[in-house]
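# Quick one: sequence and predicted model below, then my questions.
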Amino acid sequence: LPMFVILLVYLGAERPLRHHVRRLLMPWAIWSVVYSLAKVAQALIDGRSLLSEFEPWMVLTGPALHLWFLPFSVLFLATFGQIWKSVSIRIWLPFSLAISMFALWMVNEHALPTPVAQWFTVLPAGCLGLAMVGKNRSLTPLIVAILLMVPLTQVGWSVATWQLMIASFAILLALRIPIPNTALSNFLSGLSLGIYLMHPFIIALLA
């Protein structure tokens with residue numbers, strides 16, 4: 001997910017917010033209905049109360065926890081994306097670094113509720129994606145992120161730090177090693193979001 005968030009922000013930060021609302025919130029709404037119906041069916045089959053299938057945090061994520069990624073991305077672009085557009089890079093870089101370190105401190109030193117824990121886990125990834133955007137599309141922030149995560153993992157901060165370091169390294173390689181666009185790669189990339197959205201549903205059917 002940190003890799004997805006970095007790429008989503010890096011490639012989409014300069015697009016209008018309505019694009020992200022259409023691209024991310026529409027699938028979120030559709031699959032929220034699907035998972036809600038699945039929860040109702042499961043409650044009826046098991047003879048449990050319908051209320052037992054739903055939690056208050058689902059208002060912010062949807063009825064399946066893995067859906068949190070979609071509303072978070074839109075919310076991040078609507079808030080931090082607007083801040084990024086209104087300030088200079090000299091202001092954004094220390095601001096985003098401070099926000100990222102605060103988020104990493106919170107997830108590593110505190111027990112956060114759902115979905116705050118999930119949001120804070122990828123907040124540094126979103127900030128990193130914005131730091132990469134610009135006229136030159138700099139990869140330097142990826143290198144800095146990798147170097148910063150190494151000492152943090154050594155002091156016991158294992159939540160989100162390893163994921164961010166691996167994601168940064170993977171994206172650095174992907175952007176430095178050109179791979180030609182093919183019909184197969186376009187087809188597979190088109191399937192990726194759908195696979196992410198429906199995989200718990202398929203697993204539940206097969207279990």
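Nice, thanks for sending it over.
# For the residue lying closest to Ala131 once chain neighbours are set aside, list the residues it contacts.
Leaving aside its sequence neighbours, Ala131 sits nearest to Pro141 (C-beta to C-beta, 6 or more residues apart in numbering; 4.0 Å). Every residue, glycine included, has its C-beta placed from N, CA and C. Applying C-beta atoms under 8 Å, 6 or more residues apart in numbering, we find Pro141 in contact with Leu128, Ala131, Met132.
# Now, those residues that are in strands?
With strands defined by DSSP state E, no entry of those lies inside them.
# now, among the residues you listed, which is nearest to Gly81?
Here the nearest of the contacts of Pro141 to Gly81, counting by C-beta to C-beta, is Ala131; it sits at 12.3 Å.
# wait, that closest one sits on Phe95?
No: Ala131 is beyond contact range of Phe95, at 10.2 Å (criterion: C-beta atoms under 8 Å).
# Can you name the helix or strand that the residue nearest to Ala131 falls in?
Using DSSP states H and E, Pro141 maps to helix 140-154.
# shaky segments in the protein?
Applying pLDDT under 70 to the chain picks out residues 134-137, 207.
# repeat that with 80
Scanning the chain for pLDDT under 80 picks out the ranges 134-138, 178, 201, 203-207.
# Could you pull out the buried residues of the longest helix along it?
Longest helix in the chain by number of residues (criterion: DSSP state H): helix 183-206. For helix 183-206, a neighbour-count test (16 or more other C-beta atoms under 10 Å) marks Tyr196, Leu197, Pro200 as buried.
# For Pro63, grab the count of nearby residues.
20 (other C-beta atoms under 10 Å).
# Also Ala103?
Count around Ala103 with other C-beta under 10 Å applied: 22.
# Would you mind measuring from the residue located most distally from the centre of the chain to Ala204?
For the chain, the residue at maximal distance from the C-alpha centroid (C-alpha atoms, centre = their mean) is Gly47, at 35.1 Å. Using C-beta to C-beta, to the nearest Å, Gly47 is found at 18 Å from Ala204.
# Between Ala131 and Phe95, tell me which one has more neighbours.
Ala131 (24 against 15).
# what's the more buried one in contact with, if anything?
Trp92, Leu93, Ser96, Ser138, Pro141.
# For the fourth one, grab the count of nearby residues.
Neighbours of Ser138 under the rule other C-beta under 10 Å: 13.
# for the second one, same thing?
Leu93 has 16 neighbours, counted by other C-beta under 10 Å.
# now do the first one
A count of neighbours around Trp92, defined by other C-beta under 10 Å, yields 20.
# Excluding covalently adjacent residues, which one is nearest to it?
Nearest one to Trp92, counting by C-beta to C-beta, 6+ apart, is Trp84 at 5.5 Å.
# How about the contacts made by that neighbour?
Ala13, Trp92, Ser96, Leu130, Val133.
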